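>>> After the sequence you'll find the predicted model.
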Amino acid sequence: MVRYVANKFFYMLVSLFILISATFFLMKAIPGDPFMSEKKVPPEIQARLMEQYGLDKPVYVQYFKYLGDIATGDFGISMKHQNQEVTDIILQTFSASLKLGLIAIVISVIIGILLGMLAALYHRKLIDNVAMILAVLGIAVPSFVLASLIQFIFGEKLGWFHVMGFDGPLDYVLPVAALSAQPIAFIARLTRSSMLEVLHADYIKTAKAKGLNWMAIMFRHVIRNGILPVVTYIGPMTANIITGSVVIEQIFGIGGIGKVFVECITNRDYTMIMGVTIFYGVLLMLARFITDIVYVLVDPRIKLTGGKEG
């Protein structure tokens, strides 16, 4: 197990190094500099700014200096937020995004599994048909379209919720609904198909023939084996929710890291763009890393070297 975890962790570090390098050189490939959008700046002041941020040095010098800074957790100073560290801005704004993301993940898993279970247990009946129609709609409608729609209906027309900002618990309802609709749909479909396969397995028929209690069969065998694909999907789902929150935060005016990311791209704040991109990358890699470990713990049939036992 230790070797498996160390192997996964090593590949995560390699992926992180590639992400950092790719982000750095892509930013350097963009024409111009961060100060082009400002009003005409005298050459001497622009030269001083370039020197202050180390942009006057050769690219390879900037690259190795940036790698050294990243290794110590220093993302540099924002080029647009005066005298503010990138790390401090990320930590200040991440709390709102974290709350939104965690609530959306929990809601997605609970509702998705319940919908999938009901659809499997009532296969080809009304509940199954309704659940799958909702799942198809959830997958087909983009989150930003759904966000604008529910914002208009439940905020503007009915006046049940605020359409902008976070002022109370009820203000989480609309953004969480927009963010979790697609993951709920995927999880419901995954759970349904997996549980249908488990319900028709030979060992379930054997358990029924032995007179085992139906609830015991459900909890010991059907649910445990039926949710394995959901465990696999949690990693990509976390990635979708984290990246999707960028758009949702902008639509609902939430002061989270997603909104900051959009603003720093608009303002050509190079240090913020690289810092937030790397921060997002670390979160996604950690989510995938944890998912791989949990999957092995949930399903003992998984070999630590990869694949299932034959």
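In hand now; what should we look at?
>>> which SS class is residue 57?
Secondary structure, DSSP: H, G, I helix; E, B strand; the rest coil: residue 57 is coil.
>>> any idea how far residue 154 is from it?
Distance, residue 57 to residue 154, using CB to CB, to the nearest Å: 53 Å. C-beta here means a position set from N, CA and C on the backbone, and glycine is covered the same way.
>>> neighbour count winner among the two?
residue 154 (16 against 13; other CB atoms under 10 Å).
>>> which phi and psi does residue 160 have?
Backbone torsions for residue 160, taken as degrees, to the nearest 10, come to phi -80, psi -30.
>>> That one - nearest residue in space that isn't next to it in sequence?
residue 154 (5.0 Å; CB to CB, 6 or more residues apart in numbering).
>>> Can you name the residues that contact the one you found?
Contacts for residue 154 (CB atoms under 8 Å, 6 or more residues apart in numbering) come out as 160, 161, 174.
>>> ok, now residue 251?
144, 147, 148, 151, 175, 178 are the contacts of residue 251 under CB under 8 Å, 6+ apart.
>>> which among the residues you listed end up buried?
147, 151, 175, 178 (16 or more other CB atoms under 10 Å).
>>> so which two of those residues are the farthest from each other?
Using CB to CB, the two most remote members of the buried ones among the contacts of residue 251 are 151 and 175, lying 9.1 Å apart.
>>> Find the residues that touch each one of the two.
251, 252.
>>> Which helix or strand in the protein has the lowest average pLDDT?
In the chain, no helix or strand scores lower on mean pLDDT, DSSP states H and E than helix 43-52, which sits at a mean of 68.
>>> Let me know how buried residue 81 is, in neighbour terms.
Other residues within reach of residue 81, judged by other CB under 10 Å, total 18.
>>> got CSV for the contacts of residue 251, with pLDDT, secondary structure and distance to residue 205 too?
Supplementary listing: those in CSV, determined by pLDDT from 0 to 100; DSSP: H, G, I helix; E, B strand; the rest coil; distance: CB to CB, whole Å:
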residue, pLDDT, secondary structure, distance to residue 205
144, 82, helix, 46
147, 85, helix, 45
148, 86, helix, 49
151, 85, helix, 49
175, 87, helix, 45
178, 87, helix, 42
